[in-house]
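1. Structural data only, the sequence is not supplied:
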């Protein structure tokens with residue numbers, strides 16, 4: 001059996017998706033989920049990009065043991081050295097360095113001649129090799145590069161020590177037969193001197209098709225993300241590539257991955273909860289409707305024989321056959337822990353388990369039915385919490401059709417309770433203004449999303465906000481979960497503020513050091 005390596009870049013390229021930024025605790029939680037999934041290589045970030053990325057890579061390197069941890073680096077010495085330092089604690093590590101190779105990139109972005117690009121690439125790979133045994137080199141915009149030049153630069157970097165050659169379709173331009181032909185010719189040229197990898201973008205909706213074409217023509221590593229997350233139209237969806245290989249054994253006989261497909265659904269939900277970006281309902285494999293059948297003809301066929309209309313089972317990707325109510329207010333801690341294990345949560349720290357269980361019991365008292373999605377949302381929120389500089393204690397709001405909406409809020413900081421009130425154009429505006437007054441930090445709301453976690457009038461509300469507290473820094477994301485939407489809003493805004501303050505402290509500490 002020949003293995004296809006799965007290189008997951010959700011934490012790096014996926015995070016570049018607008019509105020998908022993650023804090024360090026969220027990245028660690030996701031990295032551990034990717035390890036349980038069986039991902040071969042986790043690209044944990046771009047170490048030189050920011051102190052936050054450096055810290056995330058460093059901490060992920062400490063806790064993940066069964067997957068290779070990778071950092072991206074431009075073909076620049078300081079980037080490569082930063083990557084090596086961030087990866088120092090990793091049991092298995094890789095430096096992934098790159099430079100653009102297409103005529104348009106070399107002329108307008110790099111302003112370099114082809115021979116200069118080759119020289120820079122060789123120097124970068126040589127430096128990376130001196131710091132890390134496993135080095136990957138990417139020809140950015142390979143799909144629009146001259147094939148002769150690709151052969152020249154790939155030969156040079158292999159000689160310098162690169163073990164993996166990545167040939168990205170950076171702007172999602174190529175058709176499957178075109179990308180397949182490029183991989184086929186380069187495979188014939190490279191032979192067994194290095195592993196060929198594909199990294200395809202979805203600008204024309206062909207990322208998965210192009211990745212499969214790459215595999216068919218000799219690529220043995222696929223770079224992808226959970227839910228196809230990524231900038232612009234996204235990346236190759238990990239779950240789609242993996243399930244194509246699993247489902248079409250007749251076509252891909254002898255090829256397999258290390259992926260534990262029963263962890264796919266849990267990973268997909270975790271990414272959705274953290275980023276607030278849900279796959280569209282008809283998204284292949286993990287969409288809400290992926291295993292739903294409404295047509296009477298389809299339902300009749302399914303009842304008679306499942307395979308009439310299903311080529312996969314929901315259980316193949318980890319969706320429980322019975323996804324209904326299983327726990328209630330009389331359930332004990334042991335049953336709660338067992339339920340979490342069945343839902344795909346790995347080892348859970350006792351403190352996190354205790355806090356989640358207490359929230360679960362409170363929810364049981366206030367909500368008629370508690371669903372798996374309620375439990376999953378509580379667990380995700382508890383497991384990805386960052387230090388709470390500001391914590392919501394209480395809130396009172398008033399709004400009517402002809403009155404002035406106002407909010408009175410009490411918040412705790414360093415053991416001290418602060419109370420204030422403000423009016424606004426609506427309840428949400430009043431809440432945010434009050435928090436700004438109490439905290440002394442003025443935020444600009446860039447995005448606001450609210451959704452019901454499960455079904456029913458008493459469903460938990462999940463609010464995701466994107467807030468800018470400093471115009472010179474990226475906006476941050478905050479999450480809030482509560483039966484009351486306004487309470488969830490306040491928690492989400494405070495979550496964004498706490499995340500911003502945590503990142504600011506990290507940057508300050510790095511500067512001092």
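-> Yep, that arrived. On a predicted model such as this, the values are computed, not experimentally measured, just so you know.

2. Residue 283 falls within a helix, correct?
-> No: the assignment for residue 283, made by DSSP: H, G, I helix; E, B strand; the rest coil, is coil rather than a helix.

3. Let's see the pLDDT reported for the closest residue to it other than its chain neighbours.
-> Leaving out its chain neighbours, the residue that sits closest to residue 283 by C-beta to C-beta, 6 or more residues apart in numbering is residue 290, at 6.8 Å. C-beta coordinates here come from the backbone N, C-alpha and C atoms, glycine included. For residue 290, the pLDDT comes out at 87.

4. From residue 316, how far out is residue 290?
-> 11 Å (C-beta to C-beta, to the nearest Å).

5. Quick check, the residue nearest to residue 283 in contact with residue 284.
-> Yes: in this structure residue 290 lies within contact range of residue 284 using C-beta atoms under 8 Å: 6.5 Å.

6. Looking at these two, which one has more neighbours?
-> Using other C-beta atoms under 10 Å as the criterion, residue 290 and residue 284 rank with residue 290 on top: 19 against 16.

7. so how far is residue 230 from the more buried one?
-> Distance from residue 290 to residue 230, by C-beta to C-beta: 20 Å.

8. how about residue 444, phi and psi?
-> Torsion angles at residue 444 (phi, psi; degrees, to the nearest 10) stand at phi -110, psi 120.

9. For it, which non-adjacent residue is closest in space?
-> Distances taken as C-beta to C-beta, 6+ apart place residue 468 nearest to residue 444, at 4.5 Å, with adjacent residues excluded.

10. Give me the buried positions along whichever strand or helix holds residue 241.
-> In the assignment (DSSP states H and E), residue 241 maps to helix 238-247. Using 16 or more other C-beta atoms under 10 Å as the burial criterion, the residues of helix 238-247 that qualify are 238, 239, 240, 241, 242, 243, 244, 245, 246.

11. How is residue 430 assigned, secondary-structure-wise?
-> Recorded secondary structure, residue 430: helix (three-state DSSP).

12. Contacts only, for it.
-> 397, 399, 405, 406, 407, 422, 423, 424 (C-beta atoms under 8 Å, 6 or more residues apart in numbering).

13. Between those, which has the least confident prediction?
-> Out of these, that is residue 399, at 82.

14. could you measure that one against residue 464, distance?
-> Distance, residue 399 to residue 464, using C-beta to C-beta: 22 Å.

15. just residue 14 next, same as before
-> Residue 14 is 16 Å from residue 464, where distance means C-beta to C-beta.

16. Compare these two (neighbour count), which wins?
-> Between residue 14 and residue 464, residue 14 has the larger neighbour count (other C-beta under 10 Å), namely 27 against 24.

17. can you pull the contacts of that one?
-> By C-beta under 8 Å, 6+ apart, the contact set of residue 14 is 20, 225, 226, 229, 230, 235, 271.

18. quick one: the helices in the stretch 351-500 of the chain?
-> Using DSSP state H, counting those that start in this stretch, the helices of the stretch 351-500 of the chain run over 372-383, 427-439, 485-512.

19. Relative to residue 135, which of these is closest?
-> Judged by C-beta to C-beta, the one of the helices of the stretch 351-500 of the chain that comes nearest to residue 135 is helix 485-512, at 26.1 Å.

20. Tell me how many other residues crowd residue 75.
-> The local packing of residue 75 (other C-beta under 10 Å) involves 25 other residues.

21. okay but residue 426 is in contact with residue 400, surely?
-> No: using C-beta under 8 Å as the test, residue 426 is too far from residue 400 to be in contact (11.3 Å).

22. Which one's more surrounded, the two?
-> For residue 426 and residue 400, the more surrounded residue by other C-beta under 10 Å is residue 426, and the numbers stand at 10 against 7.

23. Now do the helices in the stretch 151-300 of the chain.
-> 176-190, 207-216, 238-247, 264-275, 296-304.

24. any weak-confidence spans in the stretch 401-513 of the chain?
-> Scanning the stretch 401-513 of the chain for pLDDT under 70 picks out 506-513.

25. Same check on the stretch 51-200 of the chain?
-> Within the stretch 51-200 of the chain, no stretch has pLDDT under 70.

26. Show me the strands in it, by range?
-> Remark: strands assigned in the stretch 51-200 of the chain by DSSP state E, counting those that start in this stretch are 68-74, 93-100, 135-140, 164-169, 195-200.
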